[in-house]
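*Asks:* When you get a sec, could you give me coordinates for this:
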Amino acid sequence: IYPDKDAPQINTIQVGNQSLPTALITDFNVMARRALKDELPGIYTRAAIRAAVKGVAQDQINKNFGALAGLAANIAVAATESNADDRMWRSLPERVFVARAFLPPGDYDVNFTGRPGETSKISVDGRYMVVPVRLYQNKTYLGDLAKFGTVTPAAQVEDKPA
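*Replies:* As a prediction, this is how the structure comes out:
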């Protein structure tokens with residue numbers, strides 16, 4: 001697993017006229033490498049045992065049933081063996097960043113990583129919001145906004161009756 005050298009680094013997010021600093025929450029690239037390093041001894045052991053069992057089985061089939069049966073068994077084993085499933089790690093983003101801010105309700109233009117001309121619009125109206133964003137080299141995708149709670153309207157002072 002090789003790291004993506006072009007993975008975006010998000011230092012700030014521009015929301016309206018505010019520049020919000022971001023913090024790196026997690027780096028899945030590092031986690032994937034660590035998981036592979038931890039699991040490698042078991043992977044090597046299982047592969048060695050599998051190879052030894054296949055070798056002994058093919059030798060016995062060749063001795064008892066002939067070379068053609070051994071070839072057929074070898075083809076059957078190769079056809080049924082699955083590749084490693086790495087979809088879990090590949091579907092995750094390289095890194096996760098977070099930025100926090102208080103924004104009054106309203107519509108805002110948002111720009112990530114200072115990409116000129118690439119702004120997205122969000123509408124702030126909840127007490128808490130989560131804005132999922134996926135950045136690629138030349139494109140930004142916003143997910144569905146998650147809004148929690150409601151904003152309590154400010155108290156209105158009414159004029160005294162005359």
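
*Asks:* Paired strands for the strand ranked longest in the chain, with orientation please.
*Replies:* Determined from DSSP state E, the single longest strand within the chain is strand 106-112. Sheet partners assigned to strand 106-112 using DSSP bridges are listed as strand 12-15 (antiparallel), strand 120-124 (antiparallel).

*Asks:* Just give me the residue closest to the centre of the protein.
*Replies:* Centroid-nearest residue in the chain: residue 92, 1.7 Å away (criterion: CA atoms, centre = their mean).

*Asks:* thinking again about what came up before, looking at the strands paired with strand 106-112, which one is packed in the most?
*Replies:* strand 12-15 (a mean of 18; mean count of other CB atoms under 10 Å). From N, CA and C alone the C-beta is placed, and that goes for glycine too.

*Asks:* can you list contacts of that strand?
*Replies:* If you take CB atoms under 8 Å, 6 or more residues apart in numbering as the criterion, strand 12-15 is touched by 19-22, 99, 101, 103, 108-114, 122.

*Asks:* again, but for stretch 103-110
*Replies:* 13-16, 18, 119-125, 131, 142, 151.

*Asks:* Can you name the two of those residues that sit furthest apart?
*Replies:* Using CB to CB, the pair of the contacts of stretch 103-110 lying farthest apart is 119 and 151, separated by 23.8 Å.

*Asks:* any chance you could map the strands in the protein?
*Replies:* Remark: strands assigned in the chain by DSSP E are 12-15, 18-21, 23-27, 95-98, 106-112, 120-124, 126-130, 133-135, 140-142, 146-150.

*Asks:* Run the chain-centre distance for the first one.
*Replies:* Taking the mean C-alpha point of strand 12-15 and that of its whole chain, the gap between them comes to 21 Å (CA atoms, centre = their mean, to the nearest Å).

*Asks:* go on, the second one?
*Replies:* Between the mean C-alpha point of strand 18-21 and the mean C-alpha point of its chain there is a distance of 24 Å (CA atoms, centre = their mean).

*Asks:* Okay, buried residues for that strand please.
*Replies:* By neighbour count with 16 or more other CB atoms under 10 Å, strand 18-21 contains no buried residues.

*Asks:* What helices and strands are in contact with that strand?
*Replies:* In this structure, strand 18-21 packs against strand 12-15, with contacts taken as 3 or more CB pairs under 8 Å, 6 or more residues apart in numbering; DSSP states H and E.

*Asks:* tell me the mean pLDDT over the strand it packs on?
*Replies:* Strand 12-15 comes out with an average pLDDT of 86.

*Asks:* Could you do stretch 47-58 as well?
*Replies:* If you average the pLDDT over stretch 47-58, you get 82.

*Asks:* Done for today, thanks.
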